[in-house]
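# Mind looking at a prediction? Sequence and model below.
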Amino acid sequence: MNYKSLLVGIAIGIPMLIAGCGGGGNLKNISIAITTAPPASLQVNQTASIAATVTMDSSNSGVDWSCTPTGTCGTFAPTHTASGATTVYTAPATAGPVSIIAASTKNSSKTASASVTINNINLNNISIAITTAPPASLEVNQSASIAATVMMDSSNSGVDWSCTPTGTCGTFVPAHTASGGTTIYTAPRTAGPVMIIATSTANSSKTASASVTINAVATASDITGTYTFFANGTNTDQSPYSVVGSVVINGGAGTVASGEQDLFSVGPGPGFVPTLFLQDTITDGTITVGADGRGTLTLTPTSAPAETFSFTVVNNKHILITEFDSNVISATASGSMDLQTVPASVPTNGNAFAVLDALNSLVIGGVFTSNGTTITTSQADDDIASTVHTNFALTGSTFTAPTGGRGTITLVDPNLGPSVFAYYVVGPEVFRVIETDGVGFAAGSIYGQGTAAFSTASLSSKFVFDVSGVEPPGTGIGIYSAAGQFAGNGTSGFTSGVADINLGDGTPKLAVSLTTGTTYTMAADGYGGIALGATLNTDGLANFGVYMVDPTLNIADPNNASGGGGAAMVDLDNDLGIGIVVPQATSPTFTGNYAFNEEGHISTAQFTYYGFVGQVVSDGTSKVTGFADLNERQIALIPSATLAGTYAPDGTNAGRSTMQFTINGAATPNNLTLYQASSGLVLHVDVDSTSNGVGTIGFGVFEQQQ
Amino acid sequence: MRKIAGVLCLLMTLAISLLAGPMYADESAALKRTVTAPKYDVSKEVILEGTVQDVVMRPAAGSIMGAHLIVATAQGAVDAHLGNLIFSGKDGVSFSSGQSVKLTGIMTTFNQKSVFLVRTIETGSSTITVRNDHGFLVYPGAKARLAAVSSTEGAR
């Protein structure tokens, strides 16, 4: 052997030998140990963190995890870790001994193991606690998020939700949650104590509970004091019916102590003669209020037949009402009842007003200044069966001071002559009026204007309006309703505007633009008007008188300190009607409990006028549910009809939404368009099409219960 | 001098004209009303003659509400809308089958059906006004009250 060759061979062979060891050292030198051991026992499905460390593995190949008996010994996440890193072992679902094995990835013959005994769950160890508690009290129908956490439940079975008294304690969505997960609890429609119970799904004997007091929207005792009410509508002869009055209510006792009312009903029964009951003393009555604010008011006048009203409380000072009886002169008639604050009030200083006489097809509206006994200055408009007179004075008009909250007005429209009204005081700035001369049959309201000076800038912000009245039969059925919204530009035109108009012909105008060509005016005394553009597709609606009210006065809810401003409104064209204009808030919500009403006419199955009052809860996104009393006078009185509806915002016209709702689960839904003034007030108009509602017309409000 | 007087007169006239604006500040409320086509157009009225077939006090759903008169004419049966008001009050009218009537009104379509909107109806020697020139049904008790109504519209 050549030494030189030997040296070369050594020189080459040693590095090769070293390289042949792969840089991982000697495989035989590798060792592994479990450095974070599992507990000696685990419950089925329970988890534990474990780790193993490999030594003498210069390749750092890590650890592979496995266990026996294969397939029923549990799982690892991850199944491969770096040396010293942690994996989470989950015990199998069945009990028994298990061996956990950590193997060197580099040398799988090098293993370490740990024995674990898998035990069945000890159900007695499970506990549960409500970790997001409900509030101590909720109003009926209100919702709250709640959660509960289950401990020592290696099965992670979660929580089942329930409550007592069963069936009347509310609902949970979802009724089952994971441990720590949130459910939405919705209170029932009835008041009283409720126990909310979270139950471990794994061990139903383990529960946690929380008490919640469900409060009524209103109670009868809250409705105490003198209230002024009005209801306008139509009797069974399709002729006007109005009643205005005041009643002294002792809600705690459930009684009406006294009152007074004026009523006309034109034409029911033989002879079709006007029936008037004037200054009719109400001798007694009753009142009941349900937890959701729905209730019944009965009145016993001295001369007129007894009356029953269904109502829904908006707040203790404001209640929506609709007549709900079958007396010989009654009708469908809707309105409101408001706490009377200053019964000695008489219209003074600046006022706006609007009245409608549907029988004689006329409206009168305008503004006037009063010294308490006479109208001193005025600007008024009327529309008498499509003949319009504008900007005239009410010269010679007078007032008598109220006695017990009732006074009289002699209103002199030079185009009609004097008309005599009774007025009932709500407060210093709101008066409900009803014609009492037996010649005309008008009703409406007078609103104070405060001390504000008005101008075209008064209509520069956003407003919502509704208007309804009569129209020459032929185009439609003879009555109409409309609602919409607009924003003035501060000088003479609209920057935006849209409306829904229904003549009852089955082809309502939906989302009609009001912008192009529309002009408006507004004088310093609050006398103004809107002329819709001549090319707009408004089904004949063209001109409105607009009469501004006190910017601090909420004309829908007169004793409400917020939501003030707007105007009284009359329709001055071929059609004629009255309505209101109210400010539109930015980004209002539609969530929670709302009083609801609608007055209208339907002829899908049979001609009838209808009045509707009830209560719904809105989920704030798309659904309303509730109950209402429906007076289809010529068909039936339907108490506590179920309402279920869906709604969706108009993506183009913020503030406008469409709604479909069914009554008592009827197959054919009713279609409404909603115009939202604020979170507290939504005006709506029925817009049924030929497919489900030729002749169907209605309008009303949603008012948030407070 | 007459020329100077003439200029002064012109200036005074201009001044008065300019001052007149604020004096009639309420004219800021002036608005030219939008004029719309009448819903009932008297220029399109026709006269129908025939005999009463039926009086329908409660018409079918989807019709114009109020009473209808079914009249047999030479062109066939016509559905004539009367409303309820003329049947009302102590002067309320009634019709009998076979009675001859002469109707003045316009033919229109409502809910895809033809209907004749009656403005006046002649029965024998009497003429009954059912609706006014604008198409509104006339309430008998309203006659006295509305008699003074001018047909001239005011200017806003």
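Yep, that arrived.

# C-alpha from now on. contacts and neighbour counts both.
Fine.

# for A:T255, what are its contacts?
By Cα atoms under 8 Å, 6 or more residues apart in numbering or on different chains, the contact set of A:T255 is A:249, A:284-287.

# can you redo those as CSV with pLDDT, distance to chain B and secondary structure?
Below are the contacts of A:T255 laid out as CSV (pLDDT from 0 to 100; distance: Cα to the nearest Cα, whole Å; DSSP: H, G, I helix; E, B strand; the rest coil):
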residue, pLDDT, distance to chain B, secondary structure
A:I249, 98, 37, strand
A:D284, 96, 33, strand
A:G285, 98, 33, strand
A:T286, 98, 36, strand
A:I287, 98, 36, strand
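
# Residue in the stretch 1-150 of chain A with the shortest distance to chain B?
Relative to chain B, the nearest point of the stretch 1-150 of chain A is A:N141 (37.8 Å; Cα to the nearest Cα).

# So what's the residue count around the closest residue in space to that residue that isn't next to it in sequence?
Sequence neighbours aside, A:A187 is the residue nearest to A:N141 in space, at 4.7 Å (criterion: Cα to Cα, 6 or more residues apart in numbering or on different chains). Neighbour count for A:A187, taken as other Cα atoms under 10 Å in any protein chain shown: 25.

# how about A:A187, what does it touch?
A:138-143, A:169-171, A:214.

# Now do the same for it: its pLDDT.
Predicted confidence (pLDDT) for A:A187: 96.

# Equivalent analysis for B:L10, please.
Note on B:L10: pLDDT of 39.

# Then B:G21?
For B:G21, pLDDT reads 35.

# likewise the one 4 residues further on?
We have a pLDDT of 34 for B:A25.

# rewinding a little: narrow the contacts of A:A187 to those in strands?
Using DSSP state E, the subset of those located in strands is A:138-139, A:143, A:171, A:214.

# Can I get the residues you listed in CSV including distance to chain B?
Shown next, in CSV, are the ones in strands among the contacts of A:A187 (distance: Cα to the nearest Cα, whole Å):
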residue, distance to chain B
A:L138, 46
A:E139, 42
A:S143, 42
A:T171, 41
A:I214, 45
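
# Among the contacts of A:T255, which pair sits farthest apart?
The most widely separated members of the contacts of A:T255 are A:D284 and A:I287, with 10.4 Å between them, by Cα to Cα.

# Pick out whichever of the two has more residues nearby.
A:I287 (24 against 19).

# That one reaches A:T308, doesn't it?
No. The pair A:I287 / A:T308 is not scored as a contact, 9.8 Å apart, by Cα atoms under 8 Å.

# and for the two, which residues touch both?
Applying Cα under 8 Å, 6+ apart, one finds that A:I287 and A:T308 are jointly contacted by A:296-298.

# can you redo these as a markdown table with pLDDT and neighbour count?
Output for those, formatted as a markdown table (pLDDT from 0 to 100; neighbours: other Cα atoms under 10 Å in any protein chain shown):
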| residue | pLDDT | neighbour count |
| --- | --- | --- |
| A:T296 | 98 | 18 |
| A:L297 | 98 | 22 |
| A:T298 | 98 | 20 |
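
# Out of the residues you listed, which sit inside strands?
With DSSP E as the criterion, strands contain A:296-298 from among those.

# Could you dump the residues you listed into CSV and include distance to A:A483?
Formatted as CSV, those follow (distance: Cα to Cα, whole Å):
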residue, distance to A:A483
A:T296, 29
A:L297, 30
A:T298, 32
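
# mind listing what's buried in the helix or strand where A:L643 lies?
Element membership for A:L643, per DSSP states H and E: strand A:636-649. Applying a neighbour-count criterion of 16 or more other Cα atoms under 10 Å in any protein chain shown, one finds A:637, A:639-647, A:649 buried in strand A:636-649.

# Those residues also near chain B: which ones?
Residues of the buried residues of strand A:636-649 in contact with chain B (Cα under 8 Å from any Cα of the partner chain): none.

# which one of those residues sits closest to chain B?
For the buried residues of strand A:636-649, with chain B as the reference and Cα to the nearest Cα as the criterion, the closest is A:L637, at 19.4 Å.

# So the closest one is in contact with A:D325, correct?
Yes. Between A:L637 and A:D325 there is a contact at 7.4 Å, judged by Cα under 8 Å.

# shared neighbours, these two?
A:N631.

# Now the buried members of the contacts of A:A187.
A:138-143, A:169-171, A:214.

# What is the neighbour count of the residue of chain A found nearest chain B?
Nearest residue of chain A to chain B, counting by Cα to the nearest Cα: A:H389, 4.3 Å away. Using other Cα under 10 Å, A:H389 has 23 neighbouring residues.

# didn't it look like it was pressed against A:D381?
Yes. Proximity of A:H389 to A:D381 meets the contact threshold set by Cα under 8 Å, at 5.6 Å.

# domains of chain A?
Per automatic domain parsing, the structural domains of chain A span A:27-119, A:123-215, A:231-267+A:278-313+A:324-339, A:343-448, A:457-706.

# Compare those domains and give me the one nearest B:Q112.
Taking Cα to Cα, domain A:457-706 is the member of those nearest to B:Q112, at 9.8 Å.

# and A:A487, bridged to which residues?
Residues in a beta bridge with A:A487, per DSSP bridges, are A:K462, A:S496.

# Counting neighbours, what do you get for it?
Residues near A:A487, counting by other Cα under 10 Å, number 21.

# you'd agree it is up against A:F494?
Yes. The criterion here is Cα under 8 Å, and A:A487 meets it with A:F494 at 5.6 Å.

# Show me the strands in chain B, by range?
Listed from the start of the chain, chain B has strands (DSSP E) covering B:46-56, B:68-73, B:76-81, B:100-110, B:113-123, B:126-129.

# winner for burial among those strands?
Most buried of the strands of chain B by mean neighbour count (mean count of other Cα atoms under 10 Å in any protein chain shown) is strand B:68-73; its value is a mean of 22.

# pLDDT (mean, whole number) over it?
In this model, strand B:68-73 carries a mean pLDDT of 96.

# Would you mind listing where the chain has pLDDT under the threshold?
Reading this off chain A. Counting by pLDDT under 70, the ranges of chain A that qualify are A:1-25, A:267-273, A:604-606, A:691-693.

# that's the wrong chain, I wanted chain B
Using pLDDT under 70, chain B drops low at B:1-32, B:88-91, B:140-156.

# rewinding a little: the strand holding A:L643 pairs with which strands?
Take DSSP bridges as the rule and strand A:636-649 pairs in its sheet with strand A:623-632 (antiparallel), strand A:656-663 (antiparallel).

# Can you pull the phi/psi pair for the nearest residue to A:D575 once chain neighbours are set aside?
Distance criterion Cα to Cα, 6+ apart; nearest residue to A:D575, sequence neighbours excluded, is A:E471 at 4.4 Å. Dihedral pair for A:E471: phi -140, psi 160, per degrees, to the nearest 10.

# tell me the contacts of residue 46?
As the question left the chain open, I've gone with chain A. A:90-91, A:154-155.

# Sorry, I should have been clearer: chain B.
Neighbours of B:V46 in contact, by Cα under 8 Å, 6+ apart: B:104-107.

# Present these as TSV; the columns should include distance to chain A.
Shown next, in TSV, are the contacts of B:V46 (distance: Cα to the nearest Cα, whole Å):
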residue	distance to chain A
B:T104	15
B:G105	11
B:I106	9
B:M107	9
